[in-house]
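model this:
(2 chains)
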There are 2 protein chains.
Amino acid sequence: MGSENPTGAVNQQERPGFEQWVVGFVDGEGCFSIAVVRNPGCRLGWQVQHEFSVTQAAPSRSALEELIEFFGCGTIIESKRTDNHRYPLMRYSVKSRASLVERIIPFFEDHPLITNKKADFEAFRHVISMMQEDAHLTPPGLRAIAGITEKMNRKQRSRYLESSEAIRQPPRFDN
Amino acid sequence: MGSENPTGAVNQQERPGFEQWVVGFVDGEGCFSIAVVRNPGCRLGWQVQHEFSVTQAAPSRSALEELIEFFGCGTIIESKRTDNHRYPLMRYSVKSRASLVERIIPFFEDHPLITNKKADFEAFRHVISMMQEDAHLTPPGLRAIAGITEKMNRKQRSRYLESSEAIRQPPRFDN
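Residues are numbered from 1 along each chain as shown, chains lettered A, B, ... in the order given. Predicted coordinates:
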């Protein structure tokens, strides 16, 4: 979990209020996402994916590098654009549950978001805490998580909840 | 130029670092735009429009109201969406040149943006300062402003610079 950039702490000291810049930037461009996706390699055939991300066009990549320094975790991923902008999109991404639990979630607990994105954060935090209790490894837990994802972000119907596995209400795995 | 909401100052005192939240939020979602548009009522037949805006989906309207309190200017405008999101879009908007000169520009001079949006702000500030010198009322000044707009935001070709008026290089108006 160590930061790959040891200068992060120095930068934060040099910039009073930088924590609030991060909160505002994430209120603007951040995304807390949970997805329940098919994965035959998982016990129930479905995997819960979690990601905290912040997206910018390539010329603002350095602002995403600030986030790597600040949080001491995450990477920058180039995304393919589906619109007509001229620059590639870059995404600061934290997928590791350990990083989310130890770095990202505590920060936003201590420095609350101001926009309605706070509701997504609360749902995200809820799912991660359920996963810490292995809820995602049981059908009832997975259904509960899928139900929460339907209330997040674009509020799309969960593919898992529409799947035959969920509809059949399979018997509970006793580990 | 007085704030319509006298509690703004109190809120800022209650939230240390709120200025940096504003910087981060604008780095994420703000827009500094200049447009040179046809307007037969203007001396040269073209008008320079200026706007600082921050857009959010309706559930985050309260965050835009924070900006009205904070800057002591601006209004919230509902925009029509052209995408498939479920909520209407709300835009915090400051168009008044006096408000831009007295409130918005000094704030971002004192609290610099971190992303590449800073370049748009610098171009925006440059145009507004030219307009304070009435540059937009002369063909050479208007051409210079239109040239700057082509380097801002989506870097589109200026309609004014493609117009017959600009191509003909009309004689300079001596007021």
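
which single residue in chain A comes nearest to chain B?
For chain A and chain B, the shortest gap (C-beta to the nearest C-beta) falls at A:Gly28, measuring 1.9 Å. Glycine gets a C-beta too; all of them are placed from N, C-alpha and C.

is the lengthiest helix in chain A up against chain B anywhere?
Counting by DSSP state H, the longest helix found in chain A is helix A:117-132. Yes - contact between helix A:117-132 and chain B, assessed by C-beta under 8 Å from any C-beta of the partner chain, occurs at A:Lys117, A:Ala119.

just to revisit the earlier point, and for the residue of chain A closest to chain B, the neighbour number?
When neighbours are counted by other C-beta atoms under 10 Å in any protein chain shown, A:Gly28 registers 24.

distance between the helix or strand hosting it and the chain's centre?
Element membership for A:Gly28 (DSSP states H and E) is helix A:18-29. In terms of C-alpha atoms, centre = their mean, to the nearest Å, the gap separating the centre of helix A:18-29 from the centre of its chain is 15 Å.

which other helices and strands contact that helix?
helix A:8-14, strand A:46-57, helix A:61-71, helix A:105-110, helix B:18-29 (3 or more C-beta pairs under 8 Å, 6 or more residues apart in numbering or on different chains; DSSP states H and E).

mind putting those into CSV with mean pLDDT and distance to B:Phe52?
Shown next, in CSV, are the helices and strands packed on helix A:18-29 (pLDDT from 0 to 100; distance: least, C-beta to C-beta, whole Å):
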stretch, mean pLDDT, distance to B:Phe52
helix A:8-14, 49, 28
strand A:46-57, 95, 19
helix A:61-71, 97, 19
helix A:105-110, 98, 27
helix B:18-29, 97, 8
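
quick one: which of the ones you listed is nearest B:Lys80?
Of all the helices and strands packed on helix A:18-29, helix B:18-29 sits nearest to B:Lys80, with 18.0 Å by C-beta to C-beta.

give me the next element, helix or strand, following that closest one.
Toward the C-terminal end, the helix or strand that comes next after helix B:18-29 (DSSP H and E) is strand B:30-38.

identify each buried residue in that next one, please.
Neighbour-count burial for strand B:30-38 flags B:Gly30, B:Cys31, B:Phe32, B:Ser33, B:Ile34, B:Ala35, B:Val36 (criterion: 16 or more other C-beta atoms under 10 Å in any protein chain shown).

how about stretch A:129-148?
A:Met130, A:Met131, A:Ala135, A:His136, A:Thr138, A:Pro139, A:Gly141, A:Leu142, A:Arg143, A:Ile145, A:Ala146, A:Ile148.

and stretch A:19-30, by the same measure?
A:Glu19, A:Gln20, A:Trp21, A:Val22, A:Val23, A:Gly24, A:Phe25, A:Val26, A:Asp27, A:Gly28, A:Glu29, A:Gly30.

return the distance of it from the chain's centre.
Centroid separation between stretch A:19-30 and its chain, computed with C-alpha atoms, centre = their mean, is 14 Å.

over to stretch A:25-34?
8 Å.

which parts of chain A sit against chain B?
So chain A meets chain B at A:16-30, A:56-57, A:59-60, A:62-63, A:66, A:85-86, A:114-117, A:119, A:154-155 (C-beta under 8 Å from any C-beta).

secondary structure element for the closest residue in space to A:Val36 that isn't next to it in sequence?
Leaving aside its sequence neighbours, A:Val36 sits nearest to A:Tyr160 (C-beta to C-beta, 6 or more residues apart in numbering or on different chains; 4.0 Å). Here A:Tyr160 sits within helix A:159-162, counting by DSSP H and E.

buried ones in that helix, by neighbour count?
Per 16+ other C-beta under 10 Å, helix A:159-162 contains these buried residues: A:Tyr160, A:Leu161.

now, among the buried residues of strand B:30-38, which is nearest to chain A?
Scanning the buried residues of strand B:30-38 for proximity to chain A, where the rule is C-beta to the nearest C-beta, the winner is B:Gly30, at 7.8 Å.

nearest residue to that closest one in space, please, no chain neighbours.
Nearest to B:Gly30 is B:Val54, by C-beta to C-beta, 6+ apart, at 4.9 Å.

and that neighbour, what does it touch?
B:Phe25, B:Val26, B:Glu29, B:Gly30, B:Cys31, B:Leu64, B:Leu67, B:Arg91, B:Tyr92 (C-beta atoms under 8 Å, 6 or more residues apart in numbering or on different chains).

separation between the fourth one and B:Glu65?
Right, the one you point to is B:Gly30. 16 Å (C-beta to C-beta, to the nearest Å).

list phi and psi for A:Glu78.
phi -90, psi 130 (degrees, to the nearest 10).

that one and A:Arg86: what is the separation?
A:Glu78 is 14 Å from A:Arg86, by C-beta to C-beta.

for chain A, give me the ranges with low pLDDT.
A:1-14, A:81-85, A:154-156, A:164, A:167-175 (pLDDT under 70).

now the angle from the longest helix of chain A to strand A:46-57?
140 degrees (axes from the mean of the first three to the mean of the last three C-alpha atoms, to 10 degrees).

so which bits of helix A:117-132 are buried?
Buried residues in helix A:117-132, defined by neighbour count with 16+ other C-beta under 10 Å: A:117-125, A:127-128, A:130-131.
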